[in-house]
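Student: predicted model, plus sequence, below.
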Amino acid sequence: MLTSTVCAAVSAGGLGIALLTAYRKRFLAATRIAAFALIPIGLVLTGIIDWVTDLVFKPTVWAGFGVLALSALLFLVGRAAERRGSGSRDLPPAGRRDALTPGAPTAPSADRPKGRSKAKGRKGTGGEFDDIEAILKKHGI
């Protein structure tokens, strides 16, 4: 009831300002002012103001918003933990290293002779790799 009275007073004041503006021959500005002045009384007549005041002043509504916010927060935390890879299903068993785990040492291959290293086996395969290797050795890398 009080909100209806306040909105009616705001609309009446806005329409009064629009009339004064129209009296000064500024009809475009007066039209805009009148349009804005009619919004509060239109909201009261449609019932939106009563719905908003019921929404804002009920504690159960705010508890519902709190539960929704908590749900969204838990969802975001779960997604962040999943992206970091801290999920327990992604971890290998404690005492065993998986062969597909990045950074795991590889077993010596039977295809490669034991006395020959990777760098020696790669020499002479391509001219640009030899140049790159020479540059890296020159800089101590």
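Tutor: Okay, I see it. Residues are numbered from 1 along each chain as shown.
Student: for stretch 60-67, buried residues please.
Tutor: Within stretch 60-67, no residue is scored as buried using 16 or more other CB atoms under 10 Å. All C-beta atoms are positioned from the backbone trio N, CA, C, and that covers glycine.
Student: how distant is that stretch from the center of its chain?
Tutor: Mean C-alpha position of stretch 60-67 versus that of the full chain (CA atoms, centre = their mean, to the nearest Å) differs by 22 Å.
Student: before we move on, what about stretch 18-31?
Tutor: Going by CA atoms, centre = their mean, the spacing between the C-alpha centre of stretch 18-31 and its chain's C-alpha centre is 45 Å.
Student: with only the CA atoms kept, save that stretch in PDB.
Tutor: Taking C-alpha atoms only, stretch 18-31 is exported to PDB below (Å, rounded to 0.1, in the frame of the first residue of the first chain):
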ATOM      1  CA  ALA A  18       7.000  17.200 -18.000                       C
ATOM      2  CA  LEU A  19       4.200  19.800 -18.200                       C
ATOM      3  CA  LEU A  20       6.600  22.600 -17.200                       C
ATOM      4  CA  THR A  21       9.100  21.400 -19.800                       C
ATOM      5  CA  ALA A  22       6.400  21.400 -22.500                       C
ATOM      6  CA  TYR A  23       5.300  24.900 -21.400                       C
ATOM      7  CA  ARG A  24       8.900  26.100 -22.200                       C
ATOM      8  CA  LYS A  25       8.400  24.700 -25.800                       C
ATOM      9  CA  ARG A  26      10.800  21.700 -25.300                       C
ATOM     10  CA  PHE A  27       8.400  19.100 -26.400                       C
ATOM     11  CA  LEU A  28      10.900  16.300 -27.100                       C
ATOM     12  CA  ALA A  29      12.400  16.500 -23.600                       C
ATOM     13  CA  ALA A  30       8.800  16.800 -22.200                       C
ATOM     14  CA  THR A  31       7.900  13.600 -24.000                       C
END
